[in-house]
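Novice: Here's a sequence, model it:
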Amino acid sequence: MLWLAYFLAAVNAVIIGISFLFIKVAVTHASPIDTLAFRFIIALAFCVVYMRLAKIPLWTITIDTFPENCYSSHVLRNICSVKDF
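Specialist: Numbering: from 1, shown residues only. Predicted coordinates:
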């Protein structure tokens, strides 16, 4: 199983390296803010596609879905809830 760890480490290095090279080239053609915005839009698109394919409703993830010990007071729970929208 040690070969699997080495293989996955190499794959991780390749992914990080390609990402670094892409950003290096992208910043020469666009501003850093534009590049960041594009990266976040692409990430959001992948998340939405994954949630649609997994049949996860988009608006069901709220602070109320976490256990009670994740927040300190009822005020925080009421402020962070998305169910009122």
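Novice: So for the host helix or strand of residue 22, mean pLDDT?
Specialist: Secondary structure from DSSP states H and E places residue 22 in helix 2-29. Here helix 2-29 scores 91 as its mean pLDDT.
Novice: Give the other helices and strands that it contacts.
Specialist: For helix 2-29, the packing partners by 3 or more C-beta pairs under 8 Å, 6 or more residues apart in numbering; DSSP states H and E come out as helix 32-53. C-beta: built from backbone N, CA, C; applies to glycine.
Novice: Just the angle for the helix holding residue 22 relative to helix 32-53, thanks.
Specialist: On the basis of axes from the mean of the first three to the mean of the last three C-alpha atoms, to 10 degrees, helix 2-29 is oriented at 130 degrees to helix 32-53.
Novice: What residues of helix 2-29 count as buried?
Specialist: Buried positions in helix 2-29, judged by neighbour count with 16 or more other C-beta atoms under 10 Å: residue 26.
Novice: Assign a three-state SS to residue 57, would you?
Specialist: Recorded secondary structure, residue 57: coil (DSSP: H, G, I helix; E, B strand; the rest coil).
Novice: next one: phi and psi at it?
Specialist: Backbone torsions for residue 57, taken as degrees, to the nearest 10, come to phi -60, psi 140.
Novice: Outline the domain layout of this structure.
Specialist: 1-54, 57-85 (automatic domain parsing).
Novice: I'd like the average pLDDT over the shortest one.
Specialist: Going back to what we said before, that points to domain 57-85. In the prediction, domain 57-85 has an average pLDDT of 54.
Novice: end-to-end on stretch 21-41?
Specialist: 19 Å (C-alpha to C-alpha, to the nearest Å).
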